[in-house]
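Participant: need coordinates for the following:
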Amino acid sequence: MTNSSQVLHFTLTAYFDIGSLKYLYFMMVMCFYVLIIGSNVLLIVVICVNRSLHEPMFLFLCSLFVNELFGSLGLFPFLLVQILSDVHSVSAPLCFLQIFCVYSYAAVEVLNLAVMSYDRYVAICFPLQYHSTMTDRKVALLIALTWALPVLATVVLVSLSAPLRLCGNVIDKVFCGNFSIVKLSCSNTSVNNVYGLVLTVVSIVAPLVLILYTYGKILEILQSRFELSRVPPLLAIVLSLYFLTCQPLFNPALYGLKMAAIRDACKRLLCGENSAPAAASHA
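Facilitator: Numbering: from 1, shown residues only. Next up is the predicted model:
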């Protein structure tokens, strides 16, 4: 048995030889990565430089866009190197660093969506109490917890996996995953498995439950306002599924295009237009 500290590298076997096509794939992935960086940086700058966008929802969006940059940084450069490389391996320290980046990114993403859904729940269901509820201090605390909790939880996850004694160094993936490392272990991994299960429930399941609950409450208000009870049952089911599942997933990608405040701010920043800033409430 060897200790994981003695494993200098891991071999990734999910890659296969594609010949000269690797240059085409490299360019495609590179263009996609540049698009991710450009769009997220643009939206972050727009929100930061426009005081009219310093509202809770836009600040949560800014946090989400920063996390997109963080997550893509932990994956795309690595993929670009592996696409061009003939030997698909990764050093042990870089492998654990990638696990930290990918897992903390995923946890921050889901928790950020949960916080955003809570913000919309308060704004729609309790509009008169919104500003007294979503104070600057509370918004700052929510953003801090959105990042601190996943980062600390992922540090513990990696700390439990790094000292494991390993029987091999072959990972059947295109990037490093914590469970792939645990499966290579020759020692008892009960603690790792239990912690992994608890982490999944706390960081993924619990935020999703909050998202479903808040959007469910919003849906109830929509039913009372638009009398959705008269809508055919099948259509009502489709609408409910959309508000409960698609909205939390699609909104972050669409906010930059659909929100008038961000749209106008982008025009002023890129084109030098002098139009008055749109209020966040007009989004």
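Participant: name the residue closest to the centre of the chain, please.
Facilitator: Glu109 (2.8 Å; C-alpha atoms, centre = their mean).
Participant: ok so Val90 is a strand residue?
Facilitator: Yes: under DSSP: H, G, I helix; E, B strand; the rest coil, Val90 falls within a strand.
Participant: just to check, it is in contact with Val174?
Facilitator: No: with contact defined as C-beta atoms under 8 Å, Val90 and Val174 do not form a contacting pair (10.5 Å). In this view, the C-beta of every residue, glycine as well, is placed from N, C-alpha and C.
Participant: shared neighbours, these two?
Facilitator: Residues touching both Val90 and Val174 comprise Leu12, with contact defined as C-beta atoms under 8 Å, 6 or more residues apart in numbering.
Participant: looking at these two, which one has more neighbours?
Facilitator: When Val90 and Val174 are compared for neighbours, Val90 comes out ahead with 22 against 16, by other C-beta atoms under 10 Å.
Participant: can you tell me the closest non-neighbouring residue to the more buried one?
Facilitator: Of all residues beyond its chain neighbours, the one nearest Val90 is Phe10 (5.5 Å), with distances taken as C-beta to C-beta, 6 or more residues apart in numbering.
Participant: which SS class is that neighbour?
Facilitator: Assigned with three-state DSSP, Phe10 falls in the strand class.
Participant: circling back: the residue nearest to the centre of the chain and Met116, how far apart?
Facilitator: Here the criterion is C-beta to C-beta, to the nearest Å. By it, Glu109 lies 11 Å from Met116.
Participant: give me the common contacts of these two.
Facilitator: Between them, Glu109 and Met116 share the contacting residues Leu64, judged by C-beta under 8 Å, 6+ apart.
Participant: looking at it, Thr13 is touching Ile171, isn't it?
Facilitator: Yes: using C-beta under 8 Å, Thr13 is in contact with Ile171, at 7.0 Å.
Participant: neighbour count: these two, which is higher?
Facilitator: Neighbours were tallied for Thr13 and for Ile171 using other C-beta under 10 Å; the higher tally belongs to Ile171 (22 against 12).
Participant: nearest residue to that one in space, please, no chain neighbours.
Facilitator: Computed as C-beta to C-beta, 6+ apart, the closest residue to Ile171 that is not its neighbour in sequence is Ser180, at 4.6 Å.
Participant: quick one: buried residues of the helix or strand hosting the one you found?
Facilitator: Under the criterion DSSP states H and E, the helix or strand holding Ser180 is helix 178-183. Neighbour-count burial for helix 178-183, counted by 16 or more other C-beta atoms under 10 Å, picks out Asn178, Ser180, Ile181, Val182.
Participant: so the third one touches Ala92, yeah?
Facilitator: Yep, that's Ile181 we're talking about. No: under the contact definition of C-beta under 8 Å, Ile181 does not touch Ala92, with a separation of 9.4 Å.
Participant: sketch out the strands for this protein, chain order is fine.
Facilitator: Taking DSSP state E as the criterion, the chain carries its strands at 2-3, 9-12, 89-91, 165-166, 170-171.
Participant: list the contacts of the residue nearest to Val90.
Facilitator: The neighbourhood of Phe10, defined by C-beta under 8 Å, 6+ apart, consists of Ser89, Val90, Ala92, Cys95, Asn169, Val170, Ile171, Cys176, Ile181.
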